[in-house]
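[1] Just a sequence and a predicted model for now, questions to come.
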Amino acid sequence: MTRRIWLWAGAHAVDDLYQGLVPATLPYFVLDHRYSYVAASGLTLAAALGSSVPQPFIGMLADRYRLGWLAAAGVALAGLGLGLSGLAGGYPAVWSLILLSGLGVAMFHPAAGKAAREVAGDSTTAMSVFAAGGSVGFFLAPVLATPALVAWGVPATALFIPPAVLIAFVLLRGHRRHLAATAGKALRRGADQWRPFFALTGIEVVRSAAFFGVNTFIELYWIRHLHASRGLAGAALAVFLVGGVLGTLAGGRIADRIGAVRTVQLGALAAVPMLIALRLSGGTIAPLLFAALVGVALNIPFAVLVKLGQDYLPGRPGTAAGVTLGLGVSIGGLFAPLLGLAAQHYGPQGVFAILCAAPLAAWALGLLLTEPRAILTAAALPATTD
């Protein structure tokens, strides 16, 4: 495992920090700006729209042209949009800035996913390091944001602009060296398997919807249902995201031993009892424990889905990453307004009751997955369609 995979993991952490800051700031928009649940979930929708819709098209461009600079430009835009949102005066401006932040995320993931796969090769463990970078970013968001937001309110989002500028500079500096190192390398080519790839995309959408649901409403669940403090609610979100990091890393190692398809199915099944236990538990310690276990279970398939998607589309690694790592993840936020309506009528506890059934759909779709065909590394061999 080379140092370059750790660089991409770090860049992924910074990029997804801004995705994680959206749900981390929602309770403060609700409590400080008096946004309704629906209005707050609309901010999640803005981030999801910006990051989901453009991703497949950006992935296609990344496959056709050498656009490695997109990763640097994307993380810079993600940081600037989110950082300025807390300084905006009205809801339309906040919504628009978060939309732009999501667009930056859309620019980052296909280029970064393609570059990371070039470095990782066929190692799911190495890809899990890259994917775990995103989980680390989501984890750091509430850890870093909660004390700042408690102290200074939502304008504190401006404090998170510098990391984006710094990592963008680092990526741009390394872009030329990366071009020189990969020039003339053989391309991964083979028959594209679209049917299992579509099933895999459906699994990622379901997984993402469950992840975004927990990520968006866990703090409000702690505050409104468990009657906990804001600080403990932030800790609950952090614990959930720590579990996500561990689950992502564990998923890569499990897949290298028992296979990618079985790992995806295992993660879907494991999430159901964990979500039920979280919804039914009370007190202080038990909910935190199950929040961590939910994070583990939901993220076991994460890196596996990214690598498996690129194995299904061996000649289109940017497109595959744009869908599985980008669109499939971000599109889960499109369900946030529906969950917001459920929260409006039944409270955050109603959202968690709904989420208990979501992994069953992912497990059913997992039964449609097949093992990827053999992949060749001959630049002259054209890709075909299934």
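    Cool, the structure landed. Numbers count the residues shown, from 1 in each chain.
[2] Now do the buried residues in the helix or strand harbouring Val245.
    Assessed by DSSP states H and E, Val245 sits inside helix 230-258. For helix 230-258, the buried set under the neighbour-count rule, 16 or more other Cβ atoms under 10 Å, comprises 230, 232-252, 254-256. Yep, even glycine has a C-beta here, placed from its N, CA and C like the rest.
[3] which secondary structure elements does that helix contact?
    helix 3-32, helix 124-152, helix 194-220, helix 260-280, helix 285-299, helix 302-312 (3 or more Cβ pairs under 8 Å, 6 or more residues apart in numbering; DSSP states H and E).
[4] So for that helix, mean pLDDT?
    The predicted model gives helix 230-258 an average pLDDT of 88.
[5] Then stretch 151-168?
    92.
[6] in that stretch, what's buried?
    153-154, 156-158, 160-161, 163-164, 167-168.
[7] Stretch 30-37 now?
    For stretch 30-37, by 16+ other Cβ under 10 Å, it's 30, 35, 37.
[8] Could you pull up the contacting residues of the second one?
    To tie it back to what came earlier, the one meant is Tyr35. 29, 91 (Cβ atoms under 8 Å, 6 or more residues apart in numbering).
[9] try the first one
    Under the criterion of Cβ under 8 Å, 6+ apart, the contact list for Val30 reads 36-37, 40, 220.
[10] rerun at 10 Å
    36-37, 39-41, 219-220, 223-224 (Cβ atoms under 10 Å, 6 or more residues apart in numbering).
[11] Could you do Ser229 as well?
    With Cβ under 10 Å, 6+ apart, Ser229 has these contacts: 222-223, 235.
[12] just Gly90 next, same as before
    33, 96.
[13] Torsion angles phi and psi at it?
    Dihedral pair for Gly90: phi -130, psi 170, per degrees, to the nearest 10.
[14] Make 33 the first number, not 1, from now on.
    Sure thing, new numbering starts at 33, so read that last one as Gly122.
[15] For Val62, see how far away it is.
    Gly122 sits at a distance of 16 Å from Val62 (criterion: Cβ to Cβ, to the nearest Å).
[16] What of Leu176?
    From Leu176 to Val62 the distance is 20 Å (Cβ to Cβ).
[17] Ala394 too?
    Counting by Cβ to Cβ, the gap from Ala394 to Val62 is 29 Å.
[18] Also Leu102?
    From Leu102 to Val62 the distance is 34 Å (Cβ to Cβ).
[19] Likewise for Gly234?
    Gly234 is 31 Å from Val62, where distance means Cβ to Cβ.
[20] What of Arg227?
    Taking Cβ to Cβ, one finds Arg227 at 42 Å from Val62.
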